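Trainee: Requesting a structural model of the entry that follows:
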Amino acid sequence: DVAAVEPSASMRAQRPVEIAPAIDAAAERLPFPDKAFDAAMATFTVHQWQDLDAGLREMRRVTRGPVVILSCDPALVEAFWLADYAPKVLATEARRYPALDHIGQVLGGSVEIVPVSIPLACRDGFNEAYYGRPESFLEEGARSACSAWSFVDAAENAVSIERLRGDLASGAWDARYGALRRQPSYDGSLRLVISPG
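Mentor: Residues are numbered from 1 along each chain as shown. Okay, the predicted model is just below:
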């Protein structure tokens, strides 16, 4: 059984009907008793919480076993090729992600940090998911799926995208990064922080 938590009404409305409905709640105030769950997981969300430490303590409180956080290592975010085109987007993204060791400290006990490879056909909407499909960034929908783009001036984003468009048309992107189009997976900044409980 899965209990999903989502504070955004618009995100709850977008959930497919065949998966567990989401409860209107926030990580910082989970409406569950102590040790109610065997495990808990947060995916691509901790950087958006109002109070990171409170949310992590709540996850630990309601969980008997492991707590797993899927996030990005802020120290590695700007190593992605997109920094050549949209440096402010990646700098913004890096500032928003909490340090992984801090997440581990708040969860307590021994914590394992595991790299997560991203498959070439990854369908999730985060920047590194398009590592070998750079044309995806030319689509507004791909950029809007990653909130860091919304924190950078629209005119600056337009310049970044035009530079990328130009390098794709000229072949400059492929000359530098074209091997990524055939690389089955990418090891970037994506990490699992696992607190066994």
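Trainee: Geometric centre of the chain: which residue is closest?
Mentor: For the chain, residue 44 is the residue whose C-alpha lies nearest the centre (Cα atoms, centre = their mean; 3.7 Å).
Trainee: pLDDT value on residue 14, please?
Mentor: Each residue has a pLDDT score; the one for residue 14 is 88.
Trainee: ok, the residue sitting furthest away from the middle of the chain to residue 176 distance?
Mentor: Here the chain reaches farthest from its C-alpha mean at residue 170, the gap being 30.8 Å by Cα atoms, centre = their mean. According to Cβ to Cβ, to the nearest Å, residue 170 and residue 176 sit 11 Å apart. Bear in mind the C-beta positions are built from the backbone N, C-alpha and C, glycine included.
Trainee: Which secondary structure state does residue 137 sit in?
Mentor: Secondary structure assignment for residue 137 (DSSP: H, G, I helix; E, B strand; the rest coil): helix.
Trainee: now it: how far from residue 68?
Mentor: For residue 137, the distance to residue 68 equals 29 Å [Cβ to Cβ].
Trainee: More neighbours: the two, which one.
Mentor: Each of residue 137 and residue 68 has its neighbours counted (other Cβ atoms under 10 Å); residue 137 has more, 23 against 20.
Trainee: dump the residue contacts of the residue nearest to the centre of the chain.
Mentor: Listed by Cβ atoms under 8 Å, 6 or more residues apart in numbering, the contact set of residue 44 reads 70-71, 124, 126.
Trainee: Next one: it, what pLDDT does it get?
Mentor: We have a pLDDT of 89 for residue 44.
Trainee: same check, this time on the one 3 residues further on
Mentor: Predicted confidence (pLDDT) at residue 47: the value is 92.
Trainee: tell me the contacts of the closest residue to it other than its chain neighbours?
Mentor: Closest residue to residue 47 apart from its sequence neighbours, by Cβ to Cβ, 6 or more residues apart in numbering: residue 96 at 4.4 Å. Counting by Cβ under 8 Å, 6+ apart, residue 96 makes contact with 47-48, 74, 148, 151.
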